[in-house]
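A.B. asks: Make a model of this:
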Amino acid sequence: MVFPLKNVLQLRHSGFFVTFFLVFVSGYLFGESGDAYIRKYTTEIKYNFKHLSCKTSLEIQINNREGENLAEFNIPYTKKNRITQLKASITDINGGAIRELGKKEVKDMSLFRDNIFYSDAFCKVFELKYNVFPYIIELEYVQEFEEFYMITDWDPVYHSGFKTQNAILDLQIPQDYKVNIYANHIKAAKPKTTDGKTVYHWEASYDTIRSDEVFSSLHLMTGPCVIISPVDFTYGIKGNMINWTAFGNYMYDLMRDGNALPKEEADHVLKLISNSISNIDKARVLYHYLQDETRYISVNIDIGGLQPYPADYVARNKFGDCKALVNYMHSMLKLAGIKSVYCLVQSGSNPHGIIKEIPSQQFDHAILMIPIEKDTVWLECTSNVLPFGYLGSFTQGREVLAIEKDRSCFVRTPAQSLADVGASCSYRFRTEKAGNCRAEIDFLLQGKAFERLATMKSDLNREEITEYLKHSLPFKSFELQTWSVDRPGRDDVSIRLKATVTLPDQPRTFGESLVYDFPALSLANFEKPSERKLPVHFSFPVSIHDTLVYFIPQGYTATSSALRKIENKFGSWQIQSTMDDTSVTIVRNWTLYPGDISISDYPSFYAFISTVKDTERKSKLIFKLKNR
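C.D. replies: Numbering: from 1, shown residues only. Okay, the predicted model is just below:
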């Protein structure tokens, strides 16, 4: 049972938005809209200078068993953001009462039951089901917030797998209370002021089910949404979000008093760097110390969703979340006389992007920037395996908010280049007879493949890695015989995987010839142009260089083939073979460029991918029996 991904990420890393406390469906499963749908989805938010309240009302029609995903509910809350009213009932299609939700049916549970996650988040769990279809669920509850830094991040989508017929957002605030409002793909609200109160009203629907699309541009907002943040607020301390500089000052003030290290820790830090001359050498030593002596653990308790735990807390306990570990590293560097800047970032391979029009908390991760010796060094402080100065696919190539007093601004992290992600894959195939091929593999991996394998080498045992490799090597059928993973140094940005496998289905016989299929390229199954609705987004490039050496079996011969190449603005694919008296060598290169591919360009991109796939499928190596 999980929550919709967007909501979970924001809830875990960004504190509690008002709209996080809307009802979330247990089980993020896609159902047909005919199985169930949301007839009405209303959110009423009121603020009176004392507290913020959010009333949520839902009317859901369940048409069959497949629609009962919508009959299971989790309502998140914290001790400071209590649910003050909750009522729910089932009626028949004509409005006749069937039953009401009983108090004993509602269970209070921890929202996150991960043993590495500390949180004060809970949820009320219950279900409302009936055995005669269709039936209607009516739900209403009110949640009150003592402190908040966001008012709402609203859209009409209650569940992406089910349609919403009518969604309403109402906001009532004091006339002189200032807010930031961002509305997209929705009719602008006309504020109405009476009796010292200003009221806003938005309506929208969710008529077309959005399905996941391969490498879709998550940062493009394609549906109606309304985001509202306060200009002045209190969340732990007083803050202001009139602009990004003001928001940065709030974050700076949250961290201001958390840099002091215990005396014994400070003495140890200075001893560690006593033999280092340059600032970059000092920073490297301290980063390795951070990696060796601390571990990452996610924290979201009270204001902990925004405020880092102090450096002395990490020094004593040897763990912290991303914010705490960045602050700890920042504090050690400060002691060493090295400037560093705390930065907020949207993490992940395909972040949805920052909406700069509305200053607000839109981040789920923290990293550290060190302006040092005519260069900038970036540090990922939650990983014990990434090299010094390496961010990787998780945070590369995007804007981050650098936090400095009165100087907070957006800067861009370095983007991974083709040279940074290149994979060099060597294969050597030896065959005695059909169906008895042995392959020796030597992969030198960079980029995301390096990050994944380096993390596995650190965190998993040999049996677990073996199981992963059994399902990951590029053959349809194989038996893994031996393997090894080697990384020469902790700051190397590549890792080597060597393995031997047997291929029971290679080569195949065709008359008196032996036919070999090449190791498969990993090519996603993109939607046909007639089915594609969203642009494509590649956050980083792909670069694979394969060298395949096939030793010629005794009694057979082979011929080399001419260069075949497919190339356009999206990338390139090429293959060529050479031969000598004992072997045939196939060289294959596959490149895919990063960036966005618009819907208008998508047919050309799809044709490119289809041509590569078709050419790959038809590419074979054939050994023919020598004339006797």
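A.B. asks: host element of the residue nearest to residue 273 when sequence neighbours are not counted?
C.D. replies: Across the structure, with Cβ to Cβ, 6 or more residues apart in numbering as the measure, the residue nearest residue 273 apart from its sequence neighbours is residue 282 (4.3 Å). Placement of C-beta: from N, CA and C, glycine included. Applying DSSP states H and E as the criterion places residue 282 in helix 279-293.
A.B. asks: about what we covered before: isn't the residue nearest to residue 273 right next to residue 338, touching?
C.D. replies: Yes: distance between residue 282 and residue 338: 6.3 Å, which falls inside the contact criterion (Cβ atoms under 8 Å).
A.B. asks: So for the two, which sits in the more crowded spot?
C.D. replies: Applying other Cβ atoms under 10 Å to residue 282 and residue 338 shows that residue 282 carries more neighbours, namely 22 against 19.
A.B. asks: For the stretch 451-600 of the chain, which segments count as helices?
C.D. replies: Per DSSP state H, counting those that start in this stretch, the stretch 451-600 of the chain carries helices over the ranges 462-470.
A.B. asks: what do you get for the stretch 101-250 of the chain?
C.D. replies: For the stretch 101-250 of the chain, helices defined by DSSP H, counting those that start in this stretch occupy the ranges 244-255.
A.B. asks: so what are the domain limits for the protein?
C.D. replies: Domains of the chain are assigned by automatic domain parsing as 36-212, 244-412, 419-625.
A.B. asks: Give the buried residues for the helix holding residue 282.
C.D. replies: The neighbour-count check on helix 279-293 (16 or more other Cβ atoms under 10 Å) flags 279-280, 282-287, 289-291 as buried.
A.B. asks: which other helices and strands contact it?
C.D. replies: helix 263-272, helix 322-335, strand 365-372, strand 375-379 (3 or more Cβ pairs under 8 Å, 6 or more residues apart in numbering; DSSP states H and E).
A.B. asks: give me that answer again for 6 Å
C.D. replies: With contacts taken as 3 or more Cβ pairs under 6 Å, 6 or more residues apart in numbering; DSSP states H and E, helix 279-293 sits against strand 365-372.
A.B. asks: Let's see the pLDDT reported for residue 533.
C.D. replies: At residue 533, the pLDDT value in this model is 89.
A.B. asks: From residue 212, how far off is it?
C.D. replies: Distance, residue 533 to residue 212, using Cβ to Cβ, to the nearest Å: 11 Å.
A.B. asks: Neighbour count: those two, which is higher?
C.D. replies: Set residue 533 next to residue 212 and count neighbours by other Cβ under 10 Å: residue 533 wins out with 13 against 9.
A.B. asks: how near is that one to residue 550?
C.D. replies: According to Cβ to Cβ, residue 533 and residue 550 sit 43 Å apart.
A.B. asks: sorry, back to before: list the contacts of the residue nearest to residue 273.
C.D. replies: 273, 276, 336 (Cβ atoms under 6 Å, 6 or more residues apart in numbering).
A.B. asks: sorry, back to before: rebuild the domains of the chain as TSV, extending it with distance to residue 224.
C.D. replies: Output for the domains of the chain, formatted as TSV (distance: least, Cβ to Cβ, whole Å):
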stretch	distance to residue 224
domain 36-212	4
domain 244-412	14
domain 419-625	16
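A.B. asks: between the ones you listed, which gets nearest to residue 233?
C.D. replies: Checking the domains of the chain against residue 233 by Cβ to Cβ gives domain 36-212 as the closest, at 5.2 Å.
A.B. asks: Give me the distance between that closest one and the centre of its chain.
C.D. replies: 25 Å (Cα atoms, centre = their mean, to the nearest Å).
A.B. asks: Need the distance between the two termini of it.
C.D. replies: End-to-end distance for domain 36-212: 20 Å, by Cα to Cα, to the nearest Å.
A.B. asks: Rebuild the buried residues of helix 279-293 as TSV, extending it with pLDDT and distance to residue 174.
C.D. replies: As requested, these are exported to TSV (pLDDT from 0 to 100; distance: Cβ to Cβ, whole Å):
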residue	pLDDT	distance to residue 174
279	95	51
280	95	53
282	97	52
283	97	49
284	98	53
285	98	54
286	98	49
287	98	49
289	98	51
290	98	46
291	98	50
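A.B. asks: And those residues, which is closest to residue 80?
C.D. replies: Among the buried residues of helix 279-293, and counting by Cβ to Cβ, the member closest to residue 80 is residue 290, at 31.9 Å.
A.B. asks: Look up how far residue 375 lies from that closest one.
C.D. replies: Remark: distance between residue 290 and residue 375 (Cβ to Cβ) = 20 Å.
A.B. asks: Please apply the same query to residue 268.
C.D. replies: 28 Å.
A.B. asks: Those two - which one has more neighbours?
C.D. replies: Between residue 268 and residue 375, counted using other Cβ under 10 Å, the more crowded position is residue 268 (15 against 9).
A.B. asks: residues contacting residue 253?
C.D. replies: Going by Cβ under 6 Å, 6+ apart, the list of residues near residue 253 reads residue 237.
A.B. asks: same deal with residue 250?
C.D. replies: Counting by Cβ under 6 Å, 6+ apart, residue 250 touches residue 239.
A.B. asks: From residue 578, how far out is residue 444?
C.D. replies: 21 Å.
A.B. asks: Please apply the same query to residue 430.
C.D. replies: Separation of residue 430 from residue 578 (Cβ to Cβ): 18 Å.
A.B. asks: Nearest to residue 600, out of the buried residues of helix 279-293: which one, please.
C.D. replies: residue 287 (45.0 Å).
A.B. asks: mind showing which ranges of the stretch 301-450 of the chain have poor pLDDT?
C.D. replies: Applying pLDDT under 70 to the stretch 301-450 of the chain flags the ranges 301-304, 434.
A.B. asks: Strands of that one, residue ranges please.
C.D. replies: Counting by DSSP state E, counting those that start in this stretch, one finds strands in the stretch 301-450 of the chain at the ranges 319-320, 341-345, 365-372, 375-379, 399-403, 409-412, 423-433, 436-445.
A.B. asks: hey, which helix or strand in this protein has the poorest pLDDT?
C.D. replies: Sorted by mean pLDDT, DSSP states H and E, the helices and strands of the chain end with helix 5-14, the least confident at a mean of 32.
A.B. asks: and the longest helix for this protein?
C.D. replies: Longest helix in the chain, counting residues (DSSP state H): helix 602-618.
A.B. asks: Name the residues that touch that helix?
C.D. replies: 521, 523, 526, 529, 532, 566, 568, 570, 573, 597.
A.B. asks: what's across from the last one in the sheet?
C.D. replies: Pointing back at residue 597 there. Legend: beta-bridge partners of residue 597 under DSSP bridges are residue 536.
A.B. asks: I figured it was touching residue 537, is that so?
C.D. replies: No: applying Cβ atoms under 6 Å, one finds residue 597 not in contact with residue 537, separated by 7.7 Å.
A.B. asks: Who has more neighbours out of these two?
C.D. replies: Legend: neighbour count by other Cβ under 10 Å for residue 597 and residue 537, higher for residue 597 (22 against 19).
A.B. asks: quick one, what contacts that one?
C.D. replies: Taking Cβ under 6 Å, 6+ apart, one finds 535-536, 605 in contact with residue 597.
A.B. asks: From those residues, list just the buried residues.
C.D. replies: The neighbour count (16+ other Cβ under 10 Å) marks 535-536, 605 as buried among those.
A.B. asks: Just give me the closest of those to residue 344.
C.D. replies: residue 535 (25.9 Å).
A.B. asks: Could you pull up phi and psi at the residue nearest the centre of the chain?
C.D. replies: What sits nearest the mean C-alpha location of the chain, by Cα atoms, centre = their mean, is residue 348, with 3.5 Å. Main-chain torsions, residue 348, degrees, to the nearest 10: phi 110, psi 160.
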